[in-house]
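Visitor: Take a look and give me a structure for this.
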Amino acid sequence: MAGVDFFRHGALPVPQVTIQEAERIAASFGLTVRAQPLGSQQDSNFLLAEPAGGVLGVLKIANPAFSAAEIEAQDRAAERVAGSGGLRAGTVLHGPVEVPVDSHGRVLGAQKHQE
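Guide: Below is the predicted model of the structure:
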């Protein structure tokens, strides 16, 4: 699958994910969280916090326009930044997860795969 040609597309529609959907996705991993949208030009990102307010991490719903190879490259870049020291950076948690979306980018439900 070829990557996204940004010269042909002025903007990508961000996957439409509600706060409640983000919290349900986190719950599928056993997390009880409050989700806060962070915004993005291409993905749906949410800050996940414990009910008491402690930050747990960020949930990223990648745009389906990107291939698995492109998302893996983003993950490797994030891991490199996190491992460089001196910068506060997130850690990529790997786990096979599918979040199916409809043709408008609306989340249909999360499914965690058994390994």
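Visitor: how far away is the closest residue in space to residue 78 that isn't next to it in sequence from residue 79?
Guide: Excluding its sequence neighbours, the residue lying closest to residue 78 (CB to CB, 6 or more residues apart in numbering) is residue 92, at 5.2 Å. Every C-beta, even on glycine, is put in place using the N, C-alpha and C of the backbone. According to CB to CB, to the nearest Å, residue 92 and residue 79 sit 5 Å apart.
Visitor: same deal with residue 89?
Guide: In terms of CB to CB, residue 89 sits 9 Å off from residue 79.
Visitor: Repeat that for residue 30.
Guide: Relative to residue 79, residue 30 is positioned 24 Å away (CB to CB).
Visitor: Between these two, tell me which one has more neighbours.
Guide: Using other CB atoms under 10 Å as the criterion, residue 30 and residue 79 rank with residue 79 on top: 15 against 7.
Visitor: give me phi/psi at that one?
Guide: Dihedral pair for residue 79: phi -60, psi -40, per degrees, to the nearest 10.
Visitor: in terms of contact, does it touch residue 72 like I think?
Guide: No - if you go by CB atoms under 8 Å, residue 79 and residue 72 don't touch, sitting 10.4 Å apart.
Visitor: burial measure for the residue nearest to residue 78, as a count.
Guide: Using other CB under 10 Å, residue 92 is surrounded by 15 other residues.
Visitor: mind listing what it touches?
Guide: 75, 78, 79, 82 (CB atoms under 8 Å, 6 or more residues apart in numbering).
Visitor: Where do the helices of this protein begin and end?
Guide: Assignment of helices within the chain using DSSP state H yields the ranges 19-27, 68-83.
Visitor: Relative to residue 52, which of those helices is closest?
Guide: Minimum separation from residue 52 across those (CB to CB) falls at helix 19-27, 15.3 Å.
Visitor: pLDDT below threshold where in the protein?
Guide: Per-residue confidence for the chain (pLDDT under 70) gives these ranges: 1-7, 9-10, 90, 93-115.
Visitor: And the strands in it?
Guide: Along the chain, counting by DSSP state E, strands occupy 34-37, 44-49, 55-61, 97-98, 111-112.
Visitor: Any chance of the ones you listed in TSV with distance to residue 24 and mean neighbour count as columns?
Guide: Formatted as TSV, the strands of the chain follow (distance: least, CB to CB, whole Å; neighbours: other CB atoms under 10 Å):
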stretch	distance to residue 24	mean neighbour count
strand 34-37	9	16
strand 44-49	11	20
strand 55-61	11	16
strand 97-98	13	12
strand 111-112	12	12
